[in-house]
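# below are the sequence and a predicted model for it; my questions follow.
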Amino acid sequence: MSGLFLRNIRKDFGTVRAVEGIDLAFAEGELTALLGPSGCGKTTLLRMIAGLEEPTGGTIMLGERDISRLPAHKRRFGMVFQNFALFPHLSVRENVAYSLVIAGVARGEAAAEADRLLDLVQLGSFGDRRIGELSGGQRQRVAIARALAQKPEVFLLDEPMSALDAKLREDMQVELRMLQQRLGITTIVVTHDQREAMTMADKIVVMSDGHVEQVGPPHEIYHQPKNAFVADFIGKANFFDGRVEGGQVRVGKTLLSVTPPAKFTNGSAVRIACRPEKPYLDSADAEGTRLQARITFVRDVGPVRDIHLETDIGPMVVEYALGETDRAFRLGDTTQVTLPPAALHVFPEPPEGAAA
Amino acid sequence: MSGAGMVEARIELPAGAVVAAPEKRRMPAKGAALWAVVVFLCVTPFLLVLTISFGQKIEGAGWEWAMTLENYQRVFVGASWPDEVTFLYLQKLYYSLYYAVIASVLAVLTAFPFTYLMTRLSRRAQARWLVFILASLSLSEVFIVMGWDVLLSNRSGLPMVFKATGLTDWLKAVGWFDILREWGLANPRNVKFKTSEFATILTMTYLVWPYAVILLYPPLSRLDHSMVEAARTMGAGPWKVMSTVILPSVRLPLVGAILLLFVFLLGTYVAVTVFAEPAKQTMAVSVYDAVRGNTLNAPFGAAQAMVLLATAAVFLSLGHVLSRRAEAGA
């Protein structure tokens, strides 16, 4: 194979359109994260790729081959389910060997291959255990080994970390990513957790309301969000609504300079997004629009400090990492905040009722 | 009917215990009273029948206390043992088991795909089906047997339909009529379903079918459908999914349902009296004949009831042992 391609994929459930005209390419050996809030259609899209859901329209191509109408058991894409869906009536080894045994591989050979895969996910000595005796993290490893046993051309994971606790989740994200890179297998992960997507993915597909908002590598999605939804959903952002005035943006009485200049006609309503780590506080040499601000709240969580400000253009949050400044910020202090032009992303104002 | 009654009382005992246990923890006095009622209701009739089974019939009158094994001897080897050995009543026990095994297995096997498909419907549709199935339980055995009696009768039922539509002639033409005759399902002129094992088992299956659905519904609706999908993504077609995922996941409830319906069917009375040939009547019918029928021999009826009860107990504990072993393996 050489990649998986979706062309104009649609899915309707009755009168509800769950997925709307999606075109995507998944390059061979790449890990792609489908990221979006719940109900955005990402799981439906993954299930269509697996063959568990039939698209209402569009084609799915595996290399040159049209697999749109191929049933799940003929596609044989390994899939890890949200609840892992392990078979409680089989042992760990039998679970992993399942796809091999039903494909007619001799039992001894299948068991040996299962043991090799269990070694790969660091569960080498667990082959004889029952599923009920495993912890959440161990179950996830078994589910991964089981999905990989059939050497799938595409490896699918549906919210694989959601059943794990926070600490384990971060470890498993790194571990899964390393395993995927080692095997070089085309992988698609569905998640609603932007940190998870940023940790693991070569490419992130941000979805909302059944369509794609932005596709790109993690840093691009973070630093150059295409619209207000992406800016809000990925990471944190301060938002200001204003109007364009000669390439600059007026918010209340303040004129904010932006680079590149806003390419909207004068007077059009726009929304500005600004990442909290971008503005400077009390910095004389920083370039950008300078505003008077009052500190309303300080949140110190160790590695970062969030300083909540009240300014002429509205409330905002500025984030300082540990060691970035030795300044103390106290509640009620007045200060000056500088917004560098390049840190301000200008989007058309989203319609009433839309997210972000 | 005391045979059937005893079997049912035996099944109800653990259910009563389950109800009583939490009561007891909260209020000892109330709990003890409840226990007393349960024990009285379940144990007294049982002890009575047990005692009577060792009693003696008085010709032309009732029965009297005695400590004789005569009644049991008659059940197992006949009244004139050791001069002559007859297995008449063991044969009745055999037919009890024979009908009950086949009918309970058939009911569960046919209810299984139905119930599985039912659990795949929308919540609303499932609720409708369940209400319908539960409502059908209100039909009494007498009512159901009457219905099938008419449906299978030679002069007004299916045989007339066979004849009128030419199906009988077609069966004769292709030679299958002779096979039906061999099976006792036809006389020289037309098909006949009464009396036959076929009609007996069919009606008994029909009788317990709604129970089979109700017993299978909880385990099947709890079945995690993502396991089915996982199997599909690993290359399992529909039949492989059924044999490697669904059936193994519900095999204990399946066996349990068969056992429960089997024990229930051991006491079938009306269906057997109406549909089984005289030579193939069951022990439950024989119990009733002895206690209330023309022979009027309560001790002998009680002995048969005890044997039937012991048989049910053996099968239930066998099932229990098997499921224990399966669970230990699982």
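Cool, the structure landed.
# could you use CA atoms for every contact and neighbour count after this?
OK.
# host element of A:Glu28?
Under DSSP states H and E, no helix or strand contains A:Glu28.
# got a list of what it touches?
By C-alpha atoms under 8 Å, 6 or more residues apart in numbering or on different chains, the contact set of A:Glu28 is A:1-4, A:185-186.
# buried subset of those residues?
A:3-4, A:185-186 (16 or more other C-alpha atoms under 10 Å in any protein chain shown).
# what is the neighbour count of the closest residue to chain B within the stretch 51-200 of chain A?
In the stretch 51-200 of chain A, the residue that lies nearest chain B is A:His73 (3.9 Å; C-alpha to the nearest C-alpha). By other C-alpha atoms under 10 Å in any protein chain shown, the residues close to A:His73 number 20.
# give me the nearest residue to it, chain neighbours excluded.
Distances taken as C-alpha to C-alpha, 6 or more residues apart in numbering or on different chains place B:Gly235 nearest to A:His73, at 3.9 Å, with adjacent residues excluded.
# what sits up against stretch A:311-320?
A:238-240, A:251-254, A:276-280, A:291-294, A:304-310.
# near residue 168, how many other residues are there?
You didn't say which chain, so I picked chain A. A:Leu168, neighbours per other C-alpha under 10 Å, totals 12.
# if you could check chain B rather than the one you did, that'd help
20.
# ok, it touching B:Met160?
No. Using C-alpha atoms under 8 Å, B:Thr168 makes no contact with B:Met160, being 9.3 Å away.
# name the element A:Ile272 belongs to?
Assigned by DSSP H and E, A:Ile272 belongs to strand A:269-274.
# take that strand, keep the C-alpha atoms, and write them as CSV.
As requested, the backbone C-alpha atoms of strand A:269-274 are provided in CSV (Å, rounded to 0.1, in the frame of the first residue of the first chain):
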residue,chain,number,x,y,z
ALA,A,269,-15.9,42.5,12.3
VAL,A,270,-13.0,40.3,13.3
ARG,A,271,-11.9,38.2,16.2
ILE,A,272,-8.4,38.3,17.5
ALA,A,273,-6.7,35.3,19.2
CYS,A,274,-3.6,35.6,21.3
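# I'd like to know which elements that strand is packed against.
Helices and strands touching strand A:269-274, by 3 or more C-alpha pairs under 8 Å, 6 or more residues apart in numbering or on different chains; DSSP states H and E, are helix A:228-233, strand A:238-245, strand A:344-348.
# mind checking which of those is nearest B:Phe275?
Smallest distance to B:Phe275 across the helices and strands packed on strand A:269-274 (C-alpha to C-alpha): 72.1 Å, for helix A:228-233.
# shaky segments in the chain?
All of this is about chain A. A:1, A:351-356 (pLDDT under 70).
# wrong one, chain B
Across chain B, the ranges flagged by pLDDT under 70 are B:1-27, B:329-330.
# residue boundaries of the strands in it?
B:56-57, B:63-64 (DSSP state E).
# contacts for the last one?
Spelled out, it's strand B:63-64. Residues outside strand B:63-64 that contact it (C-alpha under 8 Å, 6+ apart): B:55-58, B:297-299.
# got these as CSV, with distance to A:Leu123 and neighbour count columns?
Shown next, in CSV, are the contacts of strand B:63-64 (distance: C-alpha to C-alpha, whole Å; neighbours: other C-alpha atoms under 10 Å in any protein chain shown):
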residue, distance to A:Leu123, neighbour count
B:Gly55, 68, 24
B:Gln56, 71, 21
B:Lys57, 72, 18
B:Ile58, 76, 11
B:Asn297, 70, 24
B:Ala298, 67, 26
B:Pro299, 66, 30
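# between these, which is nearest A:Lys11?
Looking across the contacts of strand B:63-64 and measuring by C-alpha to C-alpha, the closest to A:Lys11 is B:Ala298, at 71.9 Å.
# packing partners of the following helix or strand past the strand holding A:Ile272?
Per DSSP H and E, the first helix or strand lying C-terminal to strand A:269-274 is strand A:280-281. The elements that strand A:280-281 packs onto, with contact taken as 3+ C-alpha pairs under 8 Å, 6+ apart, are strand A:334-339.
# the strand it packs on - contacts with which helices or strands?
On a contact count with 3+ C-alpha pairs under 8 Å, 6+ apart, strand A:334-339 meets strand A:280-281, strand A:289-300.
# closest one to chain B among the helices and strands packed on strand A:269-274?
helix A:228-233 (29.0 Å).
# against which helices or strands is that closest one packed?
By 3+ C-alpha pairs under 8 Å, 6+ apart, helix A:228-233 packs against strand A:211-216, strand A:269-274.
# A:Asp128: what secondary structure?
What DSSP: H, G, I helix; E, B strand; the rest coil gives for A:Asp128 is coil.
# backbone torsions only: list them for it.
Backbone torsions for A:Asp128, taken as degrees, to the nearest 10, come to phi -90, psi 0.
# surely B:Gly319 and B:Ile258 touch.
No. Under the criterion of C-alpha under 8 Å, B:Gly319 is not in contact with B:Ile258, lying 9.7 Å apart.
# and the strand holding A:Ile272 with strand A:344-348, angle?
On the basis of axes from the mean of the first three to the mean of the last three C-alpha atoms, to 10 degrees, strand A:269-274 is oriented at 150 degrees to strand A:344-348.
# show residues contacting strand A:269-274.
Residues contacting strand A:269-274 (C-alpha under 8 Å, 6+ apart): A:228, A:231, A:237-244, A:343-350.
# again, only using 6 Å
With C-alpha atoms under 6 Å, 6 or more residues apart in numbering or on different chains as the contact definition, strand A:269-274 has outside contacts at A:237-243, A:343-349.
# leaving out the residues flanking it, which one is nearest to the most centrally placed residue in chain B?
Taking C-alpha atoms, centre = their mean, the centroid of chain B lies closest to B:Leu265, which sits 1.5 Å from it. Spatial nearest neighbour of B:Leu265, chain neighbours left out: B:Ala100 (5.2 Å); criterion: C-alpha to C-alpha, 6+ apart.
# the one you found contacts B:Phe262, correct?
Yes. Between B:Ala100 and B:Phe262 a contact is recorded at 5.1 Å, counting by C-alpha atoms under 6 Å.
# which positions in chain B make contact with chain A?
Residues of chain B lying close to chain A (C-alpha under 6 Å from any C-alpha of the partner chain) are B:226-227, B:232-237, B:330.
# now the helices and strands packed on strand A:334-339 in JSON lines, with mean neighbour count?
Output for the helices and strands packed on strand A:334-339, formatted as JSON lines (neighbours: other C-alpha atoms under 10 Å in any protein chain shown):
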{"stretch": "strand A:280-281", "mean neighbour count": "22"}
{"stretch": "strand A:289-300", "mean neighbour count": "17"}
